[in-house]
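Asker: this is the structure alone, sequence omitted:
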Ligand SMILES: [Zn+2]
């Protein structure tokens, strides 16, 4: 539908007023507190108000609770009882939509799927496995984690970390609480006794992890200027603990779920106006680090944390080792490349 910028703004305003909706972190969705179809509260009903993409048009809406969708402005207005707002498309478009939104009409589909946690998930504040991995009370407080115990046999013996984005669960990571060697030993036996293998990780399946950043909400728009990128959840928590970053609004640690950063993840950092990114992937990941750093360098000031011991994760390093890295071993991407060439 062709709408002038003014018409578009007026519609967004009126719909937000009528439904009590608020923009989400990206500014591209209105989150409606109560679904007009099923009446479920908790912000399950979202209205897309970003620029048109291959898959999405402004004012498409969806409820993650009842699954009801609307595809046109007319259907949406009908659902919220405001057909009076329906506009006759204007021929004269004075300003393109992307001008109003301040974003490039690029094909960035950063829509996330609201994910239910496993049945019988219960948040916990102590756990022997996590204690062994160094968890403190602050860790449980800042990084929600839970278990299902035997009530949900599929997740028995897993600790489950919800992935939260703008206050919503958009995925989860389940980590089996046995050590890797115990799991491997068990799985070798399984071959002979016909049981099921144990997965070290049992994660949510209906979401695309390349669109997610763990601990994203710790980045405060306009306040957090530095983000340290790491591979996984345990790296985020260990680094936050060891550098005492829990309440530091200027620096946040987030994980990309692996050694790669996607366009959507880059975009999500841009949305929060991050200035500096420190790539803190594992020391053995030289090629992926180079790749991620040069991709990020187009948009941010980038440093690479050149980890001395290639085989250590953040949660295996002492506080001293970590400070040494941040004080003495941050390198520009080009220096990092050079150094790695010399080390060969
Ligand atoms: Zn609904």
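Answerer: Great, that's in hand. All values derive from a computational prediction rather than experimental measurement.
Asker: hey, let's count contacts and neighbours off CA atoms from now on
Answerer: Will do.
Asker: up against the ion, what does the chain have?
Answerer: 35, 37-38, 63, 65-66 (CA under 5 Å from the ion).
Asker: can you flag which of those belong to strands?
Answerer: residue 63 (DSSP state E).
Asker: among the residues of the chain next to the ion, which one lies nearest to residue 202?
Answerer: Taking CA to CA as the measure, residue 65 is the one of the residues of the chain next to the ion closest to residue 202, at 23.5 Å.
Asker: surely that closest one meets residue 44?
Answerer: Yes - the pair residue 65 / residue 44 is scored as a contact, 5.9 Å apart, by CA atoms under 8 Å.
Asker: now tell me what touches stretch 123-130 from outside.
Answerer: 137, 140-141, 144-147, 177-178 (CA atoms under 8 Å, 6 or more residues apart in numbering).
Asker: from the residues you listed, list the buried ones, please.
Answerer: By neighbour count, with 16 or more other CA atoms under 10 Å, these hold 140, 145-147, 177 as buried.
Asker: show me the contacts of stretch 123-130 that map onto helices.
Answerer: 137, 140-141 (DSSP state H).
Asker: among the residues you listed, which one sits closest to the ion?
Answerer: residue 141 (31.0 Å; CA to the ion).
Asker: state the distance from that closest one to residue 62.
Answerer: Residue 141 sits 32 Å away from residue 62, going by CA to CA, to the nearest Å.
Asker: sorry, back to before: show me which pair in the contacts of stretch 123-130 is furthest apart.
Answerer: That would be 141 and 178, which, of those, are the farthest apart (CA to CA) at 23.2 Å.
Asker: buried among the residues of the chain next to the ion? Make that a ChimeraX selection.
Answerer: Entered in ChimeraX, the line below selects the buried ones among the residues of the chain next to the ion, by 16+ other CA under 10 Å:
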select :35,63,65
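Asker: what's the most distant pair in the residues of the chain next to the ion?
Answerer: 37 and 65 (9.8 Å).
Asker: list the contacts for the residue of the stretch 51-200 of the chain found nearest the ion?
Answerer: Among all residues of the stretch 51-200 of the chain, residue 66 sits closest to the ion, at 4.0 Å; criterion: CA to the ion. Listed by CA under 8 Å, 6+ apart, the contact set of residue 66 reads 37-38.
Asker: would you map out the domains in this structure?
Answerer: 5-101, 122-193, 209-343 (automatic domain parsing).
Asker: which of the ones you listed has the lowest mean pLDDT?
Answerer: When the domains of the chain are ranked by mean pLDDT, domain 5-101 comes last with a mean of 81.
Asker: ramachandran coordinates for the residue lying closest to residue 38 once chain neighbours are set aside?
Answerer: Spatial nearest neighbour of residue 38, excluding adjacent residues (CA to CA, 6 or more residues apart in numbering): residue 66 at 6.3 Å. As for residue 66, its main-chain torsions (degrees, to the nearest 10) stand at phi -100, psi -10.
Asker: ok, residue 66 to residue 45 distance?
Answerer: From residue 66 to residue 45 the distance is 9 Å (CA to CA).
Asker: with residue 159 instead?
Answerer: For residue 159 relative to residue 45 (CA to CA), the value is 29 Å.
Asker: for these two, indicate the residue with more neighbours.
Answerer: residue 45 (28 against 25; other CA atoms under 10 Å).
Asker: sec struct for the more buried one, please.
Answerer: strand (DSSP: H, G, I helix; E, B strand; the rest coil).
Asker: so what's it up against?
Answerer: Here residue 45 is in contact with 31-35, 61-65 (CA under 8 Å, 6+ apart).
Asker: same question, residue 197
Answerer: 186-187, 190.
Asker: got the phi and psi for it?
Answerer: phi -70, psi 150.
Asker: ok, now which ones touch residue 302?
Answerer: 276-279, 293, 296, 332-333.
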